[in-house]
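> Sequence first, predicted model second:
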Amino acid sequence: RRALHPRPRSAPRPVHPRRLEPIPNEVAMTLASSVAAPIASAPLRARRSSVDPPTVRRRTVVRCASEPTTRTTDDRGRSRRDALLSLASLGAVPVLNPARSASANVASIYKYEPVDVLPPAIADSGNAKVPIAAALRAQTVYAGYAVPIIEKNVTVPLGTLISLAARDAGTFDASANTGGLNGSIRYELDRPENRRFLNAVEQLADAKKEIDAKCSQPIGWADLIALAPAGKARYAFLRDFCGYTDRFEPRWQYKAGDITKIGCDIDGVMLKAPYGSSPEQIEATSWFRQNYASTGPLTGSRVHMGRADATAADAEGLVPVEGSGAGEYIEWFARMRLSLPALVNLAPYVDDTCEATLRACPDCAGLFRELDTKNYQPGNLEKPLIKSYREMTLRGPAAFADPMRYVNDDGTPAIPEVNGRRVVNVKQLMDGYVDPYPVWIL
């Protein structure tokens, strides 16, 4: 009612001497009438009064107004206050494309397909009702269940497993979006450069056989090859850290926990479940977790699961053979859109000549010097290694992985009960699962 019948004012409303002049009524009405489609307007200028001089404050000229202001309305009956509120609401409401649904906008931001447009093979199976986040958590639990079985069955050195995964993932071509870590290397063992992986593939086959026998869904070869190095690396890092190898000088053992005083004993303390089973374990593992942060395959550098397995061998000549030049190795990583530091971190595991060749290259010599000056401290070499390895394994098939694989219809991981209990998260798996190595270290 006030907007339609403004009260007459006998005298102009006083204006504070330092108060800026508000937006003129006619401009506010114009903006309010075009809320749906804002239009560009001329810049507003403060009116200068002949009686009020400008006030200078912090190099900003503030001009005051003393003209009377009246309360008017537009042709729709809206007051100036309503117009300004409508104008302010423009900045609080996001502009959405009316041609696309809200789920489509979310999918474009978070890079996954909405549940209602999943591929028919997934939607028909009934697993489409499981939220993506819950499915990914279930896949992580499945991976955690498989890692101790891999550790038990696979005894080849860690470097061999990293080299195997690098050879399988090295066929990726970013421009054509082909190749990548798809398990095709098991069909390529007759090639001269891959014969050294025959024993590793046989041991991985034994681990796969045991995992498939215990779980309701078999693990794929591509996921097994990607998971094996990441899982075994964590146990290998622990042995290095506790002084079971010559990786570090003995002076680091006071932080790792002296074996005779603190209890950095792998068989008796460190690998005894559950985590925190003794004060000695907590003391020793706290330093390990600090130095090797972000290297775990479950909680740090998570290994993606759900890749599709190849049914035939990839083309030959996509991975440089042993004895290639530095330019060929650099072009190989450039084709996969991987950085030069990633190549330097993985060079010792590519083949027997890659590291020496790249060390002689001027473009890589500085990167190697940086690593050499930091290798004395636990984690300085391991963290960039795991990061580069993960970047390589995420190329190609991992980008199109099935998020519902290894997940039951109710959203639980496709693993058996542990100690008579249905495991639904990594914490429960860490507390009770030992086969024969615990999962807490991952």
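Arrived safely, thanks for sending.
> Low-confidence ranges, the stretch 101-250 of the chain, go.
Regions of the stretch 101-250 of the chain meeting the criterion pLDDT under 70 cover residues 101-129, 250.
> mind listing the strands in it by residue range?
Read by DSSP state E, counting those that start in this stretch, the stretch 101-250 of the chain holds no strands at all.
> in terms of contact, does residue 348 touch residue 355 like I think?
Yes. Checked against Cβ atoms under 8 Å, the pair residue 348 and residue 355 is within contact range at 4.8 Å. In short, each C-beta sits where N, CA and C put it, glycine included.
> List the buried residues for stretch 292-302?
Within stretch 292-302, the residues that qualify as buried by neighbour count (16 or more other Cβ atoms under 10 Å) are 292, 295-298, 300-301.
> swap that for stretch 187-202, sorry
Taking 16+ other Cβ under 10 Å as the neighbour-count basis, stretch 187-202 is seen to contain the buried residues 188, 194, 196-197, 200-201.
> Which two among those residues are spaced furthest apart?
The largest separation in the buried residues of stretch 187-202, counting by Cβ to Cβ, is between 188 and 200 at 13.1 Å.
> Look up phi and psi at residue 434.
Main-chain dihedrals, residue 434, degrees, to the nearest 10: phi -140, psi 120.
> Who does it form a beta bridge with?
With DSSP bridges applied, the residues forming beta bridges to residue 434 are residue 438.
> pretty sure it is in contact with residue 148, am I right?
Yes. With contact taken as Cβ under 8 Å, residue 434 and residue 148 are classed as touching, separated by 7.3 Å.
> Looking at these two now, which is surrounded by more residues?
Remark: of residue 434 and residue 148, residue 148 carries more neighbours, 23 against 15, as counted by other Cβ atoms under 10 Å.
> Tell me the buried residues in stretch 360-378?
For stretch 360-378, burial by neighbour count (16+ other Cβ under 10 Å) applies to 361, 364, 367-368, 371, 378.
> From one end of it to the other, what's the distance?
Length of stretch 360-378, first residue to last, Cα to Cα, to the nearest Å: 26 Å.
> How about stretch 297-306?
As for stretch 297-306, its first-to-last residue distance stands at 15 Å under the measure Cα to Cα.
> Can you pull the phi/psi pair for residue 418?
Phi and psi for residue 418, reported as degrees, to the nearest 10, are phi -110, psi 120.
> Pull up the gap between it and residue 439, please.
Separation of residue 418 from residue 439 (Cβ to Cβ, to the nearest Å): 10 Å.
> shared neighbours of the two, which are they?
Taking Cβ atoms under 8 Å, 6 or more residues apart in numbering as the contact rule, the neighbours common to residue 418 and residue 439 are 429, 433.
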